[in-house]
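quick one: sequence plus predicted model below, questions after.
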Amino acid sequence: MSGPLIPAILADEKKQTRRIIARHHFERASGSRWDRDWNSVGSIRLTNGEWRAYLGEYPGVSIGTLRSPYGVPGDRLYVKESFRVCSGAHKPRAEERRVRYKADGVASDWLIVPETHWEKPTSHLSMKWHTGRFMPRWASRIMLEVTDVRVERVQDISEEDAWAEGILTRYCCNGGDCGCRGMPINHPTADFRDLWDSINAKRGHGWDVNPWVWVVKFKRITP
């Protein structure tokens with residue numbers, strides 16, 4: 001998860017995430033070609049417990065199945081985020097490790113991780129900030145339980161779901177008195193579009209492309 005989304009998860013304001021359906025999530029049917037057929041997908045439907053992609057021109061023709069990499073309801077996911085570990089002059093006692101999370105601010109407190117939670121050594125991790133992709137599981141502080149998984153186009157998001165994506169309420173005049181009495185001025189779907197493009201447009205999956213996405217609903221639980 002990117003930095004701005006972490007506080008929303010910790011405040012239980014983000015309860016959904018949308019992720020691009022990638023090539024390796026797709027298992028081709030016999031004779032199907034990804035590059036040719038995927039661009040012609042008209043619908044994706046849950047059929048006999050499987051997500052199947054169907055051609056728009058021939059809605060009864062399935063070109064293959066999709067496998068969710070985010071599990072099924074009841075599965076648990078751990079969140080990766082930007083972090084740093086204590087090392088060098090600040091090296092902790094042998095039976096503990098300390099982690100700091102960038103989303104909390106660079107001067108935030110260290111989190112002490114008990115030895116019983118360790119999985120791998122940290123000798124490859126320097127004191128500098130690391131992106132979430134390098135976070136070992138023992139350093140993660142957020143555990144999520146999947147409550148639902150579905151497939152849709154990113155532009156099909158509803159206003160209610162945009163709020164569930166962690167869009168924060170913005171107020172007129174920053175809450176001050178300027179004639180609008182500090183009323184909320186959010187357009188949650190438009191705000192989500194901007195958030196989506198800031199993360200995905202540079203990868204060719206912008207809002208205007210309207211890609212197919214996994215919609216993963218979750219609740220935060222205690223690790």
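Yep, that arrived. Numbering: from 1, shown residues only.

quick check, residue 164 in contact with residue 18.
No - between residue 164 and residue 18 there is no contact, the gap being 10.4 Å when judged by CB atoms under 8 Å. No exception for glycine: its C-beta is placed from N, CA and C like everyone else's.

neighbour count: those two, which is higher?
Just comparing residue 164 and residue 18: by other CB atoms under 10 Å the higher neighbour count belongs to residue 164, 20 against 17.

got the phi/psi numbers for that one?
Backbone torsions for residue 164, taken as degrees, to the nearest 10, come to phi -70, psi -20.

quick one: it from residue 17, how far?
9 Å (CB to CB, to the nearest Å).

next one: residue 166
Taken as CB to CB, the span from residue 166 to residue 17 is 9 Å.

average pLDDT for stretch 18-32?
Mean pLDDT, stretch 18-32: 80.

what does it contact?
34, 38, 53, 62-70, 151, 154, 157, 165, 196, 200, 203, 205, 211-216 (CB atoms under 8 Å, 6 or more residues apart in numbering).

in that stretch, what's buried?
For stretch 18-32, a neighbour-count test (16 or more other CB atoms under 10 Å) marks 18, 21, 25-26, 32 as buried.

cool, and stretch 127-144?
Counting neighbours by 16+ other CB under 10 Å, one finds that the buried residues in stretch 127-144 are 130, 132, 135-136, 138-142, 144.

so which of the residues you listed is the closest to residue 4?
Closest approach between the buried residues of stretch 127-144 and residue 4, by CB to CB: residue 132, at 12.7 Å.

any chance of the backbone angles for the closest residue to that closest one other than its chain neighbours?
Leaving aside its chain neighbours, residue 132 sits nearest to residue 80 (3.6 Å; criterion: CB to CB, 6 or more residues apart in numbering). Main-chain dihedrals, residue 80, degrees, to the nearest 10: phi -100, psi 140.

with residue 219 instead?
Taking degrees, to the nearest 10 as the convention, residue 219 sits at phi -130, psi 150.
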